[in-house]
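A.B. asks: what follows is a predicted structure for the sequence shown.
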Amino acid sequence: MKVVPSRSSEWVRPVTPQKPASAIIEIDGVSQVFQTSAHKDHVALSDISLTIDEGAFVSILGPSGCGKSTLLYIVGGFVRPTSGVAKIKGAAIIAPGPDRGPVFQEFALFPWKTVLGNVMYGPRQQGVRAAEADAQSRSLIEMVGLKGYENFYPKELSGGMKQRVALARTLAYHPEVLLMDEPFGALDAHTRTRLQNDLLNIWERDRKTVLFVTHSVDEAVFLSDKVVMMSKSPGRIRHVIDIDLPRPRRRNELLLDPRYQKYVVDIERMFDESDGAGFPA
Amino acid sequence: MMSPTTLIRRIAPALACIGLLAIWQVASLVLKNDSFPTAIEAIKAIPDILSDRESLINILASLRRMAMGFGAAVLFSIPLGLLMGRSRAVAAFFNPLLMVIYPVPKAALMPIIMLWLGVGDVTKTLVIFLGVSLPVIYHSFEGAKGVEEKMLWSGAAMGLSPLQRLVRIVLPAALPEILTGCRTGLVLALITMITSEMIARQSGAGNILFNALDMGQYDTVFAMIIVVGAMGICLDAIFERIRARLVRWSEPQFDMPLSFS
């Protein structure tokens, strides 16, 4: 009889103590250079390093042309960085995947599908049975406030409604990270406010990690745990500010809160100082 | 109750047809030319054609070739156009080839194709195929090129492979444009069908027409022109019905969005 040496030490992995907030996304030295003409390069992003904790609502704030959307596309896997690496849960991002769900300013709904068809698309692609996907999608549509519009086509909807559908469509396949690219940028002020409120309500239920690109200081402070301020030419991170405001946040309370007001004023001043050009542009 | 404007809109096409026939009738009576029969004479000749077994076989043979040529062209051209629209390499390869073929009248290729493939169905179907292909490729290409990048990104995030994105996103998104190309293609199929039968006289609607012309039966010639025209209108109407149903989601009656945030 052969004596098998104990190999238990190899089978049992050492338990790493769970940090209270673990990083889900790590951006490490990412640069992006676009060739605008034969011998002219545009540096969209220069050496960006950023860590995003699981469950955090992080806004990337900056003037147009600072590469903030490009940074989001790199995390989404839609654009490959010129150098550096972005990682999700330690794995390098090389392609889009259902763990990262985008919501674009342009909505990008499938116009040949109804509201329900759009929302069901992701779950069906993931192999969820039709009946189950149907039920889940209907409840998501209700959650974003579009009950009764299941059989409407995108063309029949207003911008705000389209963005609600886009949000439901992305939430439907349960991404771990929501990537929101100026999602309310194309909407009028009133609609934008309503969608911000509703987004916060939805987010405060399950606290998915959100990476939110915006050029609105108010919006960034109102929504986020952390605001990453960027400057342009080349796109660089200027400051990272933790927004220490209580949740759940209610707009009418927050607007009167001196701490909220101070964040907004401070951030606007920081932009004035760093750019000279002033902000918003 | 129909409003006067709706009524006028409804009967306008019929009025236009009657008007055209009236002008024809008058012009024919005034010109008194043997090779220009009156509209009434031409219309009277139609039942003779449609009740003749031989003629019906000819017309059906034409339609069959047209359907085959059109179908094959659509099946070939849509995938090619979509691939060209989404891949610069594919477009760079095929664009010069298509540019060479584009200005050549497809019927002008017929004598050569006849030398290779004879005067039968294959030659005529091939010519129809060539005639239909280019507009369908072009519109599929334009449609695929215009597909919003972010729509494809959304699909990629859901886990669609590149092929799935082509079939399940690019194809439906480009469908309105593709069908516009198919509609042009359908009319071109009819034109190339008649032209091919003019060059290779053997059977078909064009054969009846040009044989009648040779024999100086001008009422039959003009009756056939009416028949071919009617076929074109019917085919187009049928196609338009199918098209409208397939791309209902993109139709302008949906352009007025609801007011709701």
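C.D. replies: Nice, I can see it. Numbering: from 1, shown residues only, chains lettered A, B, ... in the order given.

A.B. asks: ok, B:Arg86 - how many residues close by?
C.D. replies: Neighbour count of B:Arg86, defined by other Cβ atoms under 10 Å in any protein chain shown: 19. (C-beta placed from N, C-alpha, C; glycine too.)

A.B. asks: how close does it sit to B:Phe141?
C.D. replies: For B:Arg86, the distance to B:Phe141 equals 9 Å [Cβ to Cβ, to the nearest Å].

A.B. asks: how about stretch B:64-72: buried residues?
C.D. replies: B:Arg65, B:Met66, B:Met68, B:Gly69, B:Phe70, B:Ala72 (16 or more other Cβ atoms under 10 Å in any protein chain shown).

A.B. asks: scratch that, stretch B:234-251
C.D. replies: B:Leu235, B:Phe239, B:Arg243, B:Val247, B:Trp249, B:Ser250.

A.B. asks: surely the last one is in contact with A:Lys113?
C.D. replies: In other words, B:Ser250. No - in this structure, B:Ser250 is not within contact of A:Lys113 by Cβ atoms under 8 Å, at 11.9 Å.

A.B. asks: point out where the chain drops to low pLDDT.
C.D. replies: You didn't pick a chain, so chain A it is. Residues of chain A meeting the criterion pLDDT under 70: A:1-21, A:274-281.

A.B. asks: meant chain B, my bad for not saying
C.D. replies: Ranges of chain B meeting pLDDT under 70: B:1-2, B:252-261.

A.B. asks: in it, which residue is closest to the centre?
C.D. replies: The residue lying closest to the centre of chain B (Cα atoms, centre = their mean) is B:Leu186, at 1.4 Å.

A.B. asks: tell me the contacts of it?
C.D. replies: Each residue near B:Leu186 by Cβ atoms under 8 Å, 6 or more residues apart in numbering or on different chains is listed here: B:Phe70, B:Val132, B:Leu235, B:Asp236, B:Phe239.

A.B. asks: go again using 10 Å as the cut-off
C.D. replies: By Cβ atoms under 10 Å, 6 or more residues apart in numbering or on different chains, B:Leu186 lies in contact with B:Met66, B:Phe70, B:Val74, B:Val132, B:Pro135, B:Val136, B:Gly232, B:Leu235, B:Asp236, B:Ile238, B:Phe239, B:Glu240.

A.B. asks: give me the number of residues near the fifth one?
C.D. replies: For B:Pro135, the neighbour count with other Cβ under 10 Å is 22.

A.B. asks: thought it was touching B:Leu188?
C.D. replies: Yes - at 6.5 Å, B:Pro135 counts as touching B:Leu188 under the criterion of Cβ atoms under 10 Å.

A.B. asks: can you pull the residues that touch both of those two?
C.D. replies: Contacts common to B:Pro135 and B:Leu188, judged by Cβ under 10 Å, 6+ apart, are B:Ala73.

A.B. asks: just the buried residues of stretch B:64-72 now: which is nearest A:Val165?
C.D. replies: Lowest distance from A:Val165 to these (Cβ to Cβ) belongs to B:Phe70, with 37.4 Å.

A.B. asks: the closest one is in contact with B:Gly181, isn't it?
C.D. replies: No - using Cβ under 10 Å, B:Phe70 is not in contact with B:Gly181; the gap is 11.9 Å.

A.B. asks: which residues are in contact with B:Met114?
C.D. replies: B:Gly120, B:Val122, B:Thr123, B:Lys124, B:Val127, B:Ser196, B:Ile199, B:Ala200.

A.B. asks: A:Leu71 versus the fourth one, what's the distance?
C.D. replies: This points to B:Lys124. 59 Å.

A.B. asks: then the fifth one?
C.D. replies: Using Cβ to Cβ, one gets 55 Å for the distance from B:Val127 to A:Leu71.

A.B. asks: for B:Met151, same thing?
C.D. replies: 21 Å.

A.B. asks: for those two, indicate the residue with more neighbours.
C.D. replies: The neighbour comparison of B:Met151 against A:Leu71 (other Cβ under 10 Å) goes to A:Leu71, with 28 against 20.

A.B. asks: which ones are touching the more buried one?
C.D. replies: A:27, A:30, A:32, A:44-45, A:48, A:50, A:60, A:62, A:79, A:81, A:86, A:211, A:213, A:228, A:230, A:235, A:237.

A.B. asks: kindly report the same for B:Leu15.
C.D. replies: Contacts of B:Leu15 by Cβ under 10 Å, 6+ apart are B:Ile8.

A.B. asks: give me the phi and psi for it.
C.D. replies: phi -60, psi -40 (degrees, to the nearest 10).

A.B. asks: still on that earlier bit, now do the shared contacts for B:Arg86 and B:Phe141.
C.D. replies: B:Ala174.

A.B. asks: filter the contacts of B:Leu186 down to the ones in strands?
C.D. replies: Among the contacts of B:Leu186, none falls in strands (DSSP state E).

A.B. asks: packing partners of whichever strand or helix holds A:Val227?
C.D. replies: Using DSSP states H and E, A:Val227 falls within strand A:226-231. Applying 3 or more Cβ pairs under 10 Å, 6 or more residues apart in numbering or on different chains; DSSP states H and E, we find strand A:226-231 packed against strand A:40-53, strand A:57-61, helix A:68-76, strand A:209-214, helix A:217-223, strand A:236-242, helix A:258-275.
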